[in-house]
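Q: output the structure for:
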Amino acid sequence: MSPTEAVLDHDAQGATVVITHRIKQGGAQAYEDWLNEIGPICRAFPGQLDWQIIRPIAGLSGTYTVVIRFDTQEHLRTWMFSTERERLVEKARPLFVDEDRFHIRTGLDVWFAPAGSVGSPLRWKQAVATLIALYPLVLGIPLLVAPALRALGLPQNHYVDTLVITAIIVWLMAYAVMPYFTRLIKRWLFD
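A: Purely as a prediction, here's the structure:
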């Protein structure tokens, strides 16, 4: 297996893998049969949330794209590097024009991948959305956290204050703000 990118953080939640297979001429039906075999096995793995297949357009492309979402990166890793998947990929390898390629999406890209979406919005839209969501937090959280740290008896220390404030903002962005904000602006993001 040769993943194009497989950097995993075992503690982070949620992960999506995008797998592309270019199929040799005349191999589409055999590949469809293979998908029918591997699909139920993948879906039986712990944490599997979603499985989508983007089929090639007849006469234009021979590339299949499979998008699989898991609840945790560890569950995704368990599937992607399982003996079951390796065995089934080896079985289908004669159908492939090139390697079994996959890209694991983690980190900030996940903020912009609502359920059921395949691609990410344009980078400039991601930047604008992040700025809009982040700006009020950067203004407000220090006003709340710094006095709380003083009330806890911690002496004023720019580095400690910045670390605590940054940790709170990152947590809020990942779990409280971006999942809802991206749903709210979904139409604009993916326009």
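
Q: domain boundaries for the protein, per the record?
A: 13-108, 123-189 (automatic domain parsing).

Q: now tabulate those in a markdown table and tack on mean neighbour count and mean pLDDT.
A: For every residue, glycine as well, the C-beta is placed using N, CA and C. Formatted as a markdown table, the domains of the chain follow (neighbours: other CB atoms under 10 Å; pLDDT from 0 to 100):
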| stretch | mean neighbour count | mean pLDDT |
| --- | --- | --- |
| domain 13-108 | 16 | 89 |
| domain 123-189 | 13 | 90 |
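
Q: got the contact list for Thr78?
A: By CB atoms under 8 Å, 6 or more residues apart in numbering, the contact list for Thr78 reads Phe45, Pro46, Gly47.

Q: distance of it from Gln52?
A: 20 Å (CB to CB, to the nearest Å).

Q: and Ile41, that one's in a helix?
A: Yes - assessed by DSSP: H, G, I helix; E, B strand; the rest coil, Ile41 belongs to a helix.

Q: which element is the spatially closest residue to it that is not a sequence neighbour on?
A: Counting by CB to CB, 6 or more residues apart in numbering, Ile41 lies nearest to Glu84, which is 5.6 Å off, once chain neighbours are set aside. Using DSSP states H and E, Glu84 falls within helix 83-92.

Q: appreciated, that's everything.
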